[in-house]
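> Okay, predicted coordinates and the sequence, questions at the end:
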Amino acid sequence: MSFRWFWRLGAVGLTGVAAGGLVLVLRTSPESIPKPDIRTLATGLNEAAAIGVPHFYLLSDDERKANGALLARVEAGEPLDAADSAAYRRVFQNVLFQSQKFLSRFDAELTVLDNHAAHAPNNVAAEGITGHHDHHDVSARLNFAAMIENLRQLSGADSTFARIRLANVVQKDLVDLISHLGVAPHTVSVAYVPPAEPWSDPALGAIFEAMLVAFKAAQFEPIHSPAYWAAIDRALDLYADLIFAVQGRVQAATSPLERRISGRFLSPQTLAPPVDLDRPRRKR
């Protein structure tokens, strides 16, 4: 095959990519996502983070074989007592531990600590977070801090390229938050501790901390108990509030064309995780 054919094939490929990108931009709405729709997306993302990814992607065959009955009960939404909840959280913790290297490739904020809070009561009738584990509270706060900084830069950006890039990154930051906190209620952890310093953005900081408090409350309740679900629902209401508030900031700082290019929450442009948002929900 001659060089001319290689050149033609390359030109055809680039034309196809450009056409695909144009179609994607034209199909992306620059308008705000309504609050009820955001809440529905929050539920789907949480189900993917809490069950879909760890149970059906990260879980090894050996782990499934060893704990199949307990895992099936959780996947079905069956309420667990305190002892079974503790047993499940230990299994879940081990699944995440085995997947640390893989998960760290996609998450710069994932924060692994050794034997954290060794003398603090935990949620499995013991103390501390024993071993080498991601501490989701810290990871989520780092993620949120990055989002606030990106929003700050977006508000002062003086070029279209910068606004597009920052709006895109902010949307990804929002999705990353649930990857940290959606798994948290099923892990071994210690009680909520307030941040060492107030957030630079008090309005968004208040929503985030309230969301973290709610996820932490679910963490200390028996899996699928009424108190567990009440805390999860509260957390997801607040997550939707945060997404909606950030969306308003992005709308104010960008033009419709810039938003078409950058994408909005969960748009393909944001490299949203390829998870099934319509997977069957756990029964309540």
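Thanks, I have it.
> Okay, strands next: where are they in the protein?
Shown for the chain, the strands assigned by DSSP state E span residues 112-121, 127-134.
> Now residue 253: closest residue in space that isn't a chain neighbour?
residue 154 (5.0 Å; CB to CB, 6 or more residues apart in numbering). Every residue, glycine included, has its C-beta placed from N, CA and C.
> Next: residue 273.
Per CB to CB, 6+ apart, closest to residue 273 is residue 175, 6.7 Å.
> Can you give me the distance of that neighbour to residue 185?
Taking CB to CB, to the nearest Å as the measure, residue 175 falls 18 Å from residue 185.
> Tell me which of the two has more neighbours.
residue 185 (27 against 20; other CB atoms under 10 Å).
> can you pull the contacts of the residue nearest to the more buried one when sequence neighbours are not counted?
Spatial nearest neighbour of residue 185, chain neighbours left out: residue 218 (3.9 Å); criterion: CB to CB, 6+ apart. Listed by CB atoms under 8 Å, 6 or more residues apart in numbering, the contact set of residue 218 reads 184-185, 228, 231-232, 235.
> Which pair of these spans the longest distance?
Greatest spatial distance in these: 184 and 228, 12.2 Å, computed using CB to CB.
> Looking at these two, which one has more neighbours?
residue 184 (23 against 20).
> Just give the nearest non-adjacent residue to the more buried one, would you?
residue 136 (4.3 Å).
> In this structure that neighbour contacts residue 180, no?
Yes - using CB atoms under 8 Å as the test, residue 136 is close enough to residue 180 to be in contact (5.0 Å).
> I figured residue 174 hits residue 144, correct?
No - taking contacts as CB under 8 Å, residue 174 lies outside contact range of residue 144: 9.6 Å.
> Pick out whichever of the two has more residues nearby.
residue 144 (28 against 24).
> Give the full set of residues in contact with the spatially closest residue to that one that is not a sequence neighbour.
Among residues not flanking residue 144 along the chain, residue 208 sits closest, at 5.1 Å (CB to CB, 6+ apart). Listed by CB under 8 Å, 6+ apart, the contact set of residue 208 reads 144, 199, 242.
> for the protein, longest helix please?
helix 226-253 (DSSP state H).
> buried residues in it?
Buried positions in helix 226-253, judged by neighbour count with 16 or more other CB atoms under 10 Å: 228-229, 231-232, 234-236, 238-244, 246-247, 249-251, 253.
> Same question for stretch 175-195.
Within stretch 175-195, the residues scored as buried using 16+ other CB under 10 Å are 175-190.
> so how far is it off the chain centroid?
10 Å (CA atoms, centre = their mean, to the nearest Å).
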